[in-house]
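Novice: pasting the sequence and the predicted coordinates here, then a few questions.
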Amino acid sequence: MPAPIGVLALQGDFREHRQTLAAIGVESIEVRTLSDLSKSTGLIIPGGESTVMQKLAVAYDLFQPIKDALKSGMPAFGTCAGLIMLADQIIDGIAGQAGFGGLDVSVRRNAFGNQLDSFEVDLDFKDVAGPAVHAAFIRAPIVERVGDQVEVMSKLSDGRVVGVRQGNLLGISFHPEVTGETRIHELFVSMVQR
């Protein structure tokens with residue numbers, strides 16, 4: 001790969017994403033500055049707390065540059081809070097909450113309840129070969145509306161959407177980086193290399 005994949009490292013489980021990338025032989029850097037962003041061929045937006053991530057991105061002068069980079073075609077992969085940050089609409093956001101946008105979806109934060117309502121399940125995931133993806137849902141969002149240009153990548157058994165892709169953006173409700181699942185990161189790397 002010509003340059004490393006950036007992992008937004010303001011808050012959340014960015015270390016686990018870097019470990020997953022290392023496990024599949026992909027170089028990564030932590031993105032905290034505009035310079036870090038400019039060195040990145042793609043961007044992973046980790047799980048964490050979407051409202052805190054927004055505030056820190058603004059404080060570090062990264063909010064608008066990331067928004068612009070995604071609009072210009074930089075590939076990005078958001079997990080859990082990262083999915084919220086990529087969504088065009090946050091249904092139950094707090095006052096003033098905004099994400100980077102780009103995915104024509106509406107998401108609901110903490111759709112499954114609190115930390116105690118976390119669960120793991122096996123899912124089919126489009127363009128991922130082999131056995132089902134083992135997914136961990138931790139205070140996870142759900143995709144409640146999917147735009148016409150959005151490809152549904154994965155659903156729960158009850159039909160609720162937990163994985164979407166639109167152009168250069170991939171968003172999922174769960175945390176593959178905490179279950180040892182590497183194939184969704186591999187799928188994202190293939191999107192970066194296109």
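Specialist: It's in. Numbers count the residues shown, from 1 in each chain.
Novice: just the element for Leu37, please.
Specialist: helix 34-38 (DSSP states H and E).
Novice: following element in sequence after that helix, please.
Specialist: strand 43-45.
Novice: how about residues contacting that following strand?
Specialist: For strand 43-45, the surrounding residues in contact (Cβ atoms under 8 Å, 6 or more residues apart in numbering) are 5-8, 14, 17, 21, 28, 31, 37, 53, 66, 69-70, 74-79, 81-82, 85-86, 100, 188. All C-beta atoms are positioned from the backbone trio N, CA, C, and that covers glycine.
Novice: so which of these are in strands?
Specialist: 5-8, 28, 31, 76-79 (DSSP state E).
Novice: adding neighbour count, pLDDT and distance to Ile172, write these out as CSV.
Specialist: Below are the ones in strands among the contacts of strand 43-45 laid out as CSV (neighbours: other Cβ atoms under 10 Å; pLDDT from 0 to 100; distance: Cβ to Cβ, whole Å):
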residue, neighbour count, pLDDT, distance to Ile172
Ile5, 25, 97, 16
Gly6, 26, 98, 18
Val7, 27, 98, 15
Leu8, 30, 98, 15
Ser28, 21, 97, 18
Val31, 27, 98, 19
Ala76, 29, 98, 12
Phe77, 29, 98, 8
Gly78, 29, 98, 7
Thr79, 29, 97, 5
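Novice: who are the contact partners of the residue nearest in space to the middle of the chain?
Specialist: For the chain, the residue nearest the mean C-alpha position is Gly78 (0.7 Å; Cα atoms, centre = their mean). Gly78 sits next to 44-45, 84-86, 169-172 when contact means Cβ under 8 Å, 6+ apart.
Novice: hmm, try it at 10 Å
Specialist: Counting by Cβ atoms under 10 Å, 6 or more residues apart in numbering, Gly78 touches 8, 43-47, 50, 84-87, 99-100, 102-103, 141, 164, 169-173.
Novice: next one: Val52
Specialist: Applying Cβ under 10 Å, 6+ apart, the residues near Val52 are 10-12, 81.
Novice: need the max-distance pair from those residues.
Specialist: Leu10 and Ala81 (10.9 Å; Cβ to Cβ).
Novice: got any residues that touch both of these two?
Specialist: Joint contacts of Leu10 and Ala81 (Cβ under 10 Å, 6+ apart) are 45-46, 48, 52-54.
Novice: hang on, the earlier thing: which strand residues bridge the residue nearest to the centre of the chain?
Specialist: Beta bridges link Gly78 to Ile45, Gly171, judged by DSSP bridges.
Novice: how near is it to Phe188?
Specialist: Gly78 sits 10 Å away from Phe188, going by Cβ to Cβ, to the nearest Å.
Novice: how about Gln149?
Specialist: From Gln149 to Phe188 the distance is 19 Å (Cβ to Cβ).
Novice: which one of those two has more residues nearby?
Specialist: Phe188 (24 against 9; other Cβ atoms under 10 Å).
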